[in-house]
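Visitor: Pasting a predicted model and its sequence here:
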Amino acid sequence: MSADRLASVSGEVKQEIVLLSPLSAAAAPEPEPLCVFGTGDFGRSLGQRLQQTAYRVVYGSRRPHSCGPLPQGAQVMSHVAAAQSASVVFVCIHRENYDFLETFAPQLKGKVLVDVSNNPKKNIYPEANAEYLQRLVPGAHVVKAFNTLSAWALQNGPSDASRQVYLCGNSSEAKQAVAQVATKLGLTVLDRGSLAAARELEDFPLELFPEWRLPFRLAISLVAFLFFYLLIRDIIYEYVVNGKDISFRIMVMACFLSLSTTFQVFPIASLIMLSLCYLPGIIAAFLQLYRGTKYKRFPDWLDRWMLCRKQLGLIALGFAVLHVLYTLIIPIRYYVRFRIAASTIAKIKENQTTVFDTTVAWRGDSFYSTGILGFGLYLLLGITSLPSVSNALSWREFSFVQSKLGYLTLFLCTLHTYLYGRDKFLFPSTYKWYTPPGYMLSLVVPSVVIVLKLLILLQIQTHRHKYKHTGSLLVVMYGRYLFTPLL
Amino acid sequence: MSADRLASVSGEVKQEIVLLSPLSAAAAPEPEPLCVFGTGDFGRSLGQRLQQTAYRVVYGSRRPHSCGPLPQGAQVMSHVAAAQSASVVFVCIHRENYDFLETFAPQLKGKVLVDVSNNPKKNIYPEANAEYLQRLVPGAHVVKAFNTLSAWALQNGPSDASRQVYLCGNSSEAKQAVAQVATKLGLTVLDRGSLAAARELEDFPLELFPEWRLPFRLAISLVAFLFFYLLIRDIIYEYVVNGKDISFRIMVMACFLSLSTTFQVFPIASLIMLSLCYLPGIIAAFLQLYRGTKYKRFPDWLDRWMLCRKQLGLIALGFAVLHVLYTLIIPIRYYVRFRIAASTIAKIKENQTTVFDTTVAWRGDSFYSTGILGFGLYLLLGITSLPSVSNALSWREFSFVQSKLGYLTLFLCTLHTYLYGRDKFLFPSTYKWYTPPGYMLSLVVPSVVIVLKLLILLQIQTHRHKYKHTGSLLVVMYGRYLFTPLL
Amino acid sequence: MSADRLASVSGEVKQEIVLLSPLSAAAAPEPEPLCVFGTGDFGRSLGQRLQQTAYRVVYGSRRPHSCGPLPQGAQVMSHVAAAQSASVVFVCIHRENYDFLETFAPQLKGKVLVDVSNNPKKNIYPEANAEYLQRLVPGAHVVKAFNTLSAWALQNGPSDASRQVYLCGNSSEAKQAVAQVATKLGLTVLDRGSLAAARELEDFPLELFPEWRLPFRLAISLVAFLFFYLLIRDIIYEYVVNGKDISFRIMVMACFLSLSTTFQVFPIASLIMLSLCYLPGIIAAFLQLYRGTKYKRFPDWLDRWMLCRKQLGLIALGFAVLHVLYTLIIPIRYYVRFRIAASTIAKIKENQTTVFDTTVAWRGDSFYSTGILGFGLYLLLGITSLPSVSNALSWREFSFVQSKLGYLTLFLCTLHTYLYGRDKFLFPSTYKWYTPPGYMLSLVVPSVVIVLKLLILLQIQTHRHKYKHTGSLLVVMYGRYLFTPLL
């Protein structure tokens, strides 16, 4: 952009510009004046950041002479004068005050208006703020952007906060102009299409863990189902079969047992949810093998499932932590201490001589060992899911940890559960009211996942020549499912 | 900057410049020569980074022909020649060697001198290095900057280290010139005002956890107080009331008990410190409700308290982890095993028949359950305090976790402690020497915080219409307390 | 670059350029057309990112009119036409399809060709892809770059992935041109020298934890050695000395004991590996004191050792976690429960009256306390090793945690082990077959490290005046070993 063009654009502003001393000439701000409407927190922070990035900033204010502290070196003038001096105007005003912009719509014609506003709640206005702005100033090119950043993030730079800027707008030139500013500020631009997407963008800062919603619902349903299932098997069965008299003691007993039941729920839920992390990958692999191509999109339900695997896994880890804590607290529990003391007393009274059963000891220790090692790997999976750790890994490393070690974790935890059950499934007495005990329920999905995984590995092995040159058929849609490798 | 200007500025340098082949013309370094004095580690790393960012770098050295390896493509000349070719000079020299700069102060007149130096210790010189430099070269515009970055960080780029550059100086044009260079290097600039702030900036790399100091002092005082309080109640009381004979066994017993006491300290300190995280928010909310405005600053003590809530919480979490580990080790302790065996033996000898008391079991299990769930949430709060995790959350998500889940954690931990005490507070025997036991002490602050929080929620609920349009009155000073939401 | 030059370079392209409306003139893309060959995932993502960073992108394609969706605003033409319009060409094509580039080598003469390709495996081609490309188009300046980035990372910006771009090439101007583009994209450039380094760069994305290899091998050897050592001492000795009859029970017993042995291995391996983190620093310090200079490089083996200290420490932490979990599970084990019950029964039968031994209780509790505190600090060291946490610390803070607290951890863990052994080393019965028990083995290295460390501190203290002005002699090569401070 030549100096002449600038002169013609910002003619009347020129006189007010501070003459730059020769010393800063080498590093003088580039002659692109950017206009900021509004001198609130966000406007001030944005202006300051723009100035630091060598932009010249012109503020538009209702009262240019009494608008509080502004970044050093910034000019303040009336809205009209400020808008005339720049081609990009950042509208850092609350939506409620937009209407005054209508009065000088002619002066804003052809300008890029950047709407940075947010609402305190969803759905309080019939249309998005940016669309409302566009309606007020039809001649301008409204771009929705920067609304997911806070004034604080702008002041302190991207290292303290998210670096992504979402933008949308109807004019691609206007979007490009805004994208360029954002890039110069060190931010990363994600274009979300036309201005119709503004509502979605305005809802972003109001979202509460959107990607966790599905896994949470699943977790809560699973826990609720398991709780009532175990309650029926353990307490109601006991009550129906063994005793009929409702008394205070029975009530307290029921409370106590239902509390114990709660804690039985965690390991079962954890194992099922861990296997649900790996099931969609298996289904996707079979789908691809059946279709013979990796370029066809998955059905919607599978896509959503694939995208929430990380969250599923982290909730499963949370349950596993609770399970471990509860297991370790066992020997302190009154119930357990009472039973141990009772059994010791009984032995003495009956003058029994118990023999140390090495098979029991060995089986018990294998049970604990697989549990501990599985939990250790589980923790490792959780740690590598931390953003800063997974960023430090190459894709191959991440996929090694999440896929290879992930399957090893699943295998160890499944084995742990099998060792718990051992041969109990052979005895009819375990099937109260013809229902299997909880741990058996938890074994269904992981067993299926492990068997299918082995089948796929076999399939790849036998048809090795097919996948040789083009890379594995099974590595699908790299980007979309990154950090949640398929297999 | 036109080519002509450059020619006049760096006239005599021109001949030495490598002629750029046409191929790189499209991406040629911008014609801004930057000068670096000093060819040590920092100077070399800075020059290399500047060159990668398309700046042309000219080194000034005492011995231009024997100054060791420099970044490829950089020129080396005498200090005077180098300074003449550029308007910004990075002084990468130890303070002890600054004096020679005085000799060519005239040639440095009007230049921007960037002081990047640090001292090995605080307060070894009467004035800041940058102020000393300014005094030596009064005609130059000294800017203090880059001193918090290491040579290593410059070489390896911002992803491996902090991205923030603090700067200060008396000339705002000079600061702008340096800020622009820093921004081009992908760094974030934080202006700290005039050169008088140089001392503060030079002390930054020497600081040791400044924001942890207050919480640490509090934690240590609390632990020390609790230790002696419990020591007096548990050991000295025992000694005074029960026995007078000092013997070796008593001494060892005292040692053992004081060790046990140490571990009783952790849960009490943890709960008190967790509630101290939430107390300042409550006080601030009441202050705002009383004042009726959110734009007035809090008193200094409250401000400092608010700003160290994260650290308070993390120390509380550390104590909670120690408490959990110590609780879980209980059944292995010799003391505990001895007592259990003794009680079993006693029961047999007296031929007692003990009945399983479901109320005790139920109460005990509730006690453990609230503890485990509280600790699980506590861990979650700790994980979301990791920089990379909290950056990935939106403000609303972060405040949900830290505020809503935080209060739930506090509630569960308080309940856990109440369940421990149960009705013991009714018995006079618990008040040895008229002092309440430790767990009662720990309940005071959390109970107050929870009650006041409920009052505020009630207040907001009943005056809902007041806060409707302008957003909650209670969300104060967004930026300053970010990542430590008020309520 | 003047507009005239552009016109002459991209003469025939000019007519196709979309006329920019005046509105975006202030923020118009800089007139540097960049060419991208190939319209696959990577080519499309790269082009999109370049456009967002205000570059103009011209795609070269075999079938310019049917090449699928491209970033909005990008032009597509034949390879030859596209190449003529730009001086930098990104070759986003699979290596197998490179050969067609040979056919228009004349048109690519003098251009910068950026090779972004990767191979599915190591060593499948005799030469690096970039070298092959250079051989096909000898007149071009081939630069290897961007191959460590994924299409996904390019689309979503640097915050989601690594920000480092490695590049190499024979022409430094060509490299500078590419470095400039990378810097504008917000990436950090690391120059790896001439094109001969291309193979190394191409192997980067295929590496699996290269820096973990040495520590892993060490960990596995150590665990294997300890396992067999303890197996011989605990099981084979038992078998040889006590019984000769091989029966099923003995076999199961052996399995059970070898399982127990496995878990004894973890604490020993953990302590040895923790001390191996600090040993190289001690050796380096002695070497520097002996040499009298900090500017001489260490021998290769020491250098490699120093650089893998973080990994050594993290594996040691992993072992410590397993040790803690196994210790806490002890009271639930059948073997332990059986023994406790047996001892209680025995006491009753023999009508013993056991007295509470406070010395045993005190010693046991000290043993647990040092272990718990040591493990707590160990966890802290692990947490500060997370990239996002260590980035938030200043160098002084990081070195305080890793060095001072690290030595405290080592000291506590060593003390914990000494308390375990107590005076057992005096009894000949502990030396089965003249071998010391495992825990004694684990004490050798940490004891040596602690003693040597004290010697060095003493040395520094007595020769304090020597190190006064130039900073500690012992802070060596700051950058190279950053995040793994020497002492």
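Guide: All right, it came through fine.

Visitor: Show me what the helix or strand where A:Val324 lies is packed up against.
Guide: Assigned by DSSP states H and E, A:Val324 falls within helix A:309-329. Judged by 3 or more C-beta pairs under 8 Å, 6 or more residues apart in numbering or on different chains; DSSP states H and E, the packing partners of helix A:309-329 are helix A:213-231, helix A:248-291, helix A:358-384, helix B:309-329, helix B:358-384, helix C:309-329. In short, each C-beta sits where N, CA and C put it, glycine included.

Visitor: what's in contact with stretch A:260-274?
Guide: Here stretch A:260-274 makes contact (C-beta atoms under 8 Å, 6 or more residues apart in numbering or on different chains) with A:215, A:218-219, A:222-223, A:226-227, A:230-231, A:234-235, A:312-313, A:315-317, A:319-320, A:322-323, A:326, A:335, A:378, A:409-410, A:413-414, A:417, A:438-439, A:441-443, A:445-446, B:365, B:369.

Visitor: Specify the angle between the helix holding A:Val324 and helix B:358-384 in degrees.
Guide: With axes from the mean of the first three to the mean of the last three C-alpha atoms, to 10 degrees applied, the angle from helix A:309-329 to helix B:358-384 works out at 140 degrees.

Visitor: pLDDT on helix A:309-329, on average?
Guide: For helix A:309-329, mean pLDDT is 92.

Visitor: Distance from the chain centre to that helix, please.
Guide: Per C-alpha atoms, centre = their mean, to the nearest Å, the displacement of helix A:309-329 from the mean C-alpha position of its chain is 18 Å.

Visitor: can you give me the angle that helix makes with helix A:213-231?
Guide: Using the same axes, to 10 degrees: helix A:309-329 against helix A:213-231 is 40 degrees.

Visitor: Next secondary structure after helix A:309-329?
Guide: Using DSSP H and E, the first helix or strand after helix A:309-329 is helix A:334-349.

Visitor: quick check, stretch A:223-231 touching chain B?
Guide: No - judged by C-beta under 8 Å from any C-beta of the partner chain, stretch A:223-231 and chain B are separated, with a smallest distance of 12.8 Å.

Visitor: Run through who's touching that stretch.
Guide: Residues contacting stretch A:223-231 (C-beta under 8 Å, 6+ apart): A:258, A:261-262, A:264-265, A:268-269, A:435, A:438, A:441.

Visitor: Would you mind listing the buried residues in it?
Guide: A:223, A:226-227, A:229-231 (16 or more other C-beta atoms under 10 Å in any protein chain shown).

Visitor: Likewise for stretch A:71-89?
Guide: Buried, per 16+ other C-beta under 10 Å, within stretch A:71-89: A:71, A:73-77, A:79, A:81-89.

Visitor: For chain B, state which of these is nearest.
Guide: Relative to chain B, the closest of the buried residues of stretch A:71-89 is A:Gly73; by C-beta to the nearest C-beta it sits at 6.1 Å.

Visitor: Tell me the buried residues in the host helix or strand of A:Ile460?
Guide: Taking DSSP H and E as the criterion, A:Ile460 maps to helix A:438-462. For helix A:438-462, a neighbour-count test (16+ other C-beta under 10 Å) marks A:438-443, A:445-446, A:449-450, A:452-453, A:456, A:460 as buried.

Visitor: can it be found next to chain C?
Guide: No - using C-beta under 8 Å from any C-beta, helix A:438-462 never reaches chain C; the gap is at least 14.1 Å.

Visitor: what residues does that helix touch?
Guide: By C-beta under 8 Å, 6+ apart, helix A:438-462 touches A:226, A:229-230, A:233, A:264-265, A:267-269, A:271-272, A:274-276, A:278-279, A:282, A:285-286, A:289, A:407, A:410-411, A:413-414, A:417-418, A:420-421, A:425, A:467, A:472, A:474, A:487.
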